[in-house]
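1. Sequence first, predicted model second:
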Amino acid sequence: MDKNIQIPGYYIIRFQTASVVPAPYSHFYTLKLDIVAKDQLTVDFDIKYLDRDELDEDDLLDEGFSPDDDYAWKGNVPAIWIAQFQDIMTSSKIIRKREESEFEDFVEIELDENGKMVTIYPVDKERWSYFLQEFMQAVFEAGGREMPFELTYLEIDGDNQKQLDLRASFAEKSFTLVKDKAPARKLEWSQLQKVMDTVYKAEFVPDNASDKKPSKKGKYITAGDGLWYQMGVAILETTSKSRDLDKIEALFNSLSK
């Protein structure tokens, strides 16, 4: 970290997806952070999606977007993100010359240095992209645009049932598990990525899912869309040789211990 960087402070972070990223995923955003003290973080956020002129509404809906996904919000984000921001700032290697690559996301940070606003560029762009993705989700939660991530795994075998309820709040950066209505147990935040990578590697087929909570024998997942997906029926292997369903079952067996 540069010795002239001081936290608390005022920062402007600009992010743009790599130029090879196509619409409707390509976007640009500005994230203004005002860290007044160790426990007060105000955010001014503005995101715009790029190059969508040639896409019609059906194309956007098919990809999980809407005709207007641009968003702006200003408000407070939980103070836990001050420490998260300080951690990446203090451990990140920075340069003062702009470098761009069509295959890398673009990140620049503007900050106050001895009374003058200067611009720096982190070298570890991939790490910053991941940090900023989580931070953006925290902003969406704080602004009420999105709810915390919730997923339920239900296993029914005759009269025996096992239910695991997972909840992840990006705003609070907390990940918890409730097994069969027992008290919530904290999970490591790093486990969230493993859960999402494992579960969503399989193919989810909404047309085969049910909008009613199941009562018949089977293993099911529901995750915020109101549908229950039965493994082997609405959750399928991605290829004939993949073992996605076995990995999902093993994941939830390990979480339930």
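-> Happy to help now that I have it.
2. contacting residues around the lowest-mean-pLDDT helix or strand in the chain?
-> Taking mean pLDDT, DSSP states H and E as the measure, the chain has helix 57-62 as its least confident helix or strand, at a mean of 90. With contact meaning CB atoms under 8 Å, 6 or more residues apart in numbering, helix 57-62 is reached by 24, 52, 66, 67. From N, CA and C alone the C-beta is placed, and that goes for glycine too.
3. of all those residues, which two lie farthest apart?
-> Pairwise distances across those peak at 10.9 Å for 52 and 66 (criterion: CB to CB).
4. Tell me which of those two has more neighbours.
-> A count of neighbours by other CB atoms under 10 Å puts residue 52 above the other of residue 52 and residue 66, at 19 against 10.
5. pLDDT and secondary structure added to the contacts of helix 57-62, as TSV?
-> Compiled in TSV, the contacts of helix 57-62 are given as follows (pLDDT from 0 to 100; DSSP: H, G, I helix; E, B strand; the rest coil):
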residue	pLDDT	secondary structure
24	95	coil
52	93	coil
66	93	coil
67	91	coil
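6. Tabulate those residues in TSV, adding columns for distance to residue 174.
-> Rendered in TSV, the data for the contacts of helix 57-62 read as follows (distance: CB to CB, whole Å):
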residue	distance to residue 174
24	31
52	34
66	28
67	33
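7. Just name the closest of those residues to residue 92, please.
-> Of all the contacts of helix 57-62, residue 24 has the smallest distance to residue 92: 29.8 Å, by CB to CB.
8. Doesn't residue 128 lie inside a strand?
-> No: using DSSP: H, G, I helix; E, B strand; the rest coil, the secondary structure at residue 128 is helix, not a strand.
9. measure residue 46 to residue 211 for me?
-> 36 Å (CB to CB, to the nearest Å).
10. wait, what's in contact with residue 97?
-> By CB under 8 Å, 6+ apart, the neighbours of residue 97 are residue 121.
11. Can you classify it as helix, strand or coil?
-> When the rule is three-state DSSP, residue 97 gets the label coil.
12. Could I get the full set of helices for the stretch 101-250 of the chain?
-> Using DSSP state H, counting those that start in this stretch, the helices of the stretch 101-250 of the chain run over residues 125-142, 190-199, 244-255.
13. what's the neighbour count on residue 59?
-> Residue 59 has 13 nearby residues by other CB under 10 Å.
14. typed the wrong thing, it's residue 231
-> Neighbourhood size, residue 231 [other CB under 10 Å]: 19.
15. Now it. Nearest residue, chain neighbours left out?
-> For residue 231, the nearest residue in space outside its immediate sequence neighbours is residue 219; the separation is 4.4 Å by CB to CB, 6 or more residues apart in numbering.
16. Would you agree the one you found is in contact with residue 250?
-> No: Residue 219 is beyond contact range of residue 250, at 11.8 Å (criterion: CB atoms under 8 Å).
17. what separates residue 119 from residue 141, distance-wise?
-> The gap separating residue 119 from residue 141 is 29 Å, by CB to CB.
18. Which one's more surrounded, those two?
-> Neighbours of residue 119 and residue 141, each counted by other CB under 10 Å, are more numerous for residue 141; the result is 19 against 14.
19. show me what contacts the residue nearest to the more buried one when sequence neighbours are not counted?
-> Taking CB to CB, 6+ apart as the measure, residue 141 lies nearest to residue 171, with 4.0 Å between them; neighbours along the chain are not counted. The contact partners of residue 171, by CB under 8 Å, 6+ apart, come to 77, 78, 138, 141, 142, 148.
20. Noted, bye for now.
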